[in-house]
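I would like the atomic coordinates for the input below:
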Amino acid sequence: MLVIGSDHGGYELKCSIIDYLQQRQIEYQDLGTQGPESVDYPDFAAKVAAKVSQGEADAGILICGTGIGMSISANKFIGVRAALVHDEFTAQMAREHNNANILVMGGRVLSPELGQRLVGVWLDSEYEGGRHQNRLDKISAIEQQQIKE
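Residues are numbered from 1 along each chain as shown. A predicted model of the protein is given here:
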């Protein structure tokens, strides 16, 4: 299952992405926000990232105005690899090379059509493993070191 969340700056794009997920019959859970009123992005990043980090969701999508705040917040969670993407190449590489388990986008910088395409590319791409796994193992080791300290 996939979880999705946004702040007010990403709300419109989130609605478009939900339509796309429904068209593709992809199971998802919307963790908010539920309207365009101003909210704090870390609250929604934490909801999505916690579910992914704890294994309650396979993957997530986060959207704020630029995607920057959501990326910073989500990547505080152990095991989360949140990748901010802005074109089809970065969406593909986020999955193939970085095995990103949370896709992050900017609602104020992407059109709904482009956002849907990026989600499609990310969902349809597969992690390549191989030489990339060593790098992800190093990221995990950094996380484990932080836990010990």
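
how about the strands of this structure, start to end?
2-6, 28-30, 59-64, 82-84, 102-106 (DSSP state E).

got those strands as TSV, with distance to residue 115, mean pLDDT and mean neighbour count columns?
C-beta coordinates here come from the backbone N, C-alpha and C atoms, glycine included. Below are the strands of the chain laid out as TSV (distance: least, C-beta to C-beta, whole Å; pLDDT from 0 to 100; neighbours: other C-beta atoms under 10 Å):
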stretch	distance to residue 115	mean pLDDT	mean neighbour count
strand 2-6	11	98	25
strand 28-30	15	98	16
strand 59-64	8	98	28
strand 82-84	13	98	24
strand 102-106	6	98	28
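
can I get the ones you listed in a markdown table including distance to residue 47?
Below are those laid out as a markdown table (distance: least, C-beta to C-beta, whole Å):
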| stretch | distance to residue 47 |
| --- | --- |
| strand 2-6 | 6 |
| strand 28-30 | 10 |
| strand 59-64 | 9 |
| strand 82-84 | 13 |
| strand 102-106 | 12 |
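
what about the ones you listed, which gets the closest to residue 96?
strand 82-84 (11.1 Å; C-beta to C-beta).

what pairs with that closest one, and is each one parallel or antiparallel?
strand 102-106 (parallel) (DSSP bridges).

hmm, who's touching the partner strand?
With contact meaning C-beta atoms under 8 Å, 6 or more residues apart in numbering, strand 102-106 is reached by 9-10, 13, 48-49, 52, 59-68, 70-71, 74, 80-86, 91, 94, 115, 118-119, 122.

can you rerun that using 6 Å?
Contact with strand 102-106 is made by 52, 60-63, 66-67, 70-71, 74, 80, 82, 84, 115, 122, as judged by C-beta atoms under 6 Å, 6 or more residues apart in numbering.

again with stretch 76-87
Here stretch 76-87 has contacts from 49, 52-53, 67, 71, 74-75, 91, 94, 98, 100-102, 104, 118, 143, using C-beta under 6 Å, 6+ apart.

swap the cut-off to 7 Å and go again
The contact list for stretch 76-87 (C-beta atoms under 7 Å, 6 or more residues apart in numbering) reads 49-50, 52-53, 62, 67-68, 71, 74-75, 91, 94, 98-105, 109-110, 118, 143.

next one: it to chain centre, how far?
Relative to the centre of its chain, stretch 76-87 is centred 6 Å away, using C-alpha atoms, centre = their mean, to the nearest Å.
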